[in-house]
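Trainee: fold the following and give me the result.
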Amino acid sequence: MSDLLVLLREMLPEFLGSLSAAVVTTAAAAAFRTVRTARFRRREPAPTEPPSPQE
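Mentor: You can find the predicted model right below:
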């Protein structure tokens with residue numbers, strides 16, 4: 001049983017590093033998707049016609 005605990009203790013830094021890398025990658029992908037969606041939804045303003053001169 002103590003061998004298992006030693007093994008888990010040795011693997012903990014690698015596991016936490018992999019977990020944090022996965023969290024950062026997922027957060028970056030979500031942020032990128034949000035920005036891309038916001039840009040796609042943004043529309044160009046409709047061209048306005050110049051006011052006609054009144055005589």
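Trainee: CA atoms for contacts and neighbours, from now on please.
Mentor: Fine.
Trainee: in this structure, which spans are helices?
Mentor: 2-41 (DSSP state H).
Trainee: give me the low-pLDDT residue ranges for it?
Mentor: 42-47, 50-52, 54-55 (pLDDT under 70).
Trainee: which ones are touching residue 7?
Mentor: Listed by Cα atoms under 8 Å, 6 or more residues apart in numbering, the contact set of residue 7 is empty.
Trainee: how close does it get to residue 30?
Mentor: According to Cα to Cα, to the nearest Å, residue 7 and residue 30 sit 34 Å apart.
Trainee: check residue 15 too.
Mentor: Distance from residue 15 to residue 30, by Cα to Cα: 23 Å.
Trainee: how many other residues sit next to residue 17?
Mentor: 11 (other Cα atoms under 10 Å).
Trainee: now swap in the one 4 residues further on and tell me
Mentor: As a burial measure, residue 21 scores 12 neighbours (other Cα under 10 Å).
Trainee: and for residue 31?
Mentor: Neighbours of residue 31 (other Cα under 10 Å): 12.
Trainee: again with residue 14
Mentor: By other Cα under 10 Å, the residues close to residue 14 number 11.
Trainee: quick one: it from residue 25, how far?
Mentor: 16 Å.
Trainee: check residue 39 too.
Mentor: From residue 39 to residue 25 the distance is 21 Å (Cα to Cα).
Trainee: equivalent analysis for residue 48, please.
Mentor: Distance, residue 48 to residue 25, using Cα to Cα: 43 Å.
Trainee: these two: which is more packed in?
Mentor: Neighbour comparison, residue 48 and residue 25: the larger count goes to residue 25, with 12 against 6 (by other Cα under 10 Å).
Trainee: residue contacts, that one?
Mentor: Residue 25 neighbours (Cα under 8 Å, 6+ apart): none.
Trainee: for residue 49, see how far away it is.
Mentor: Counting by Cα to Cα, the gap from residue 25 to residue 49 is 47 Å.
Trainee: next one: residue 32
Mentor: 36 Å.
Trainee: those two: which is more packed in?
Mentor: residue 32 (12 against 6).
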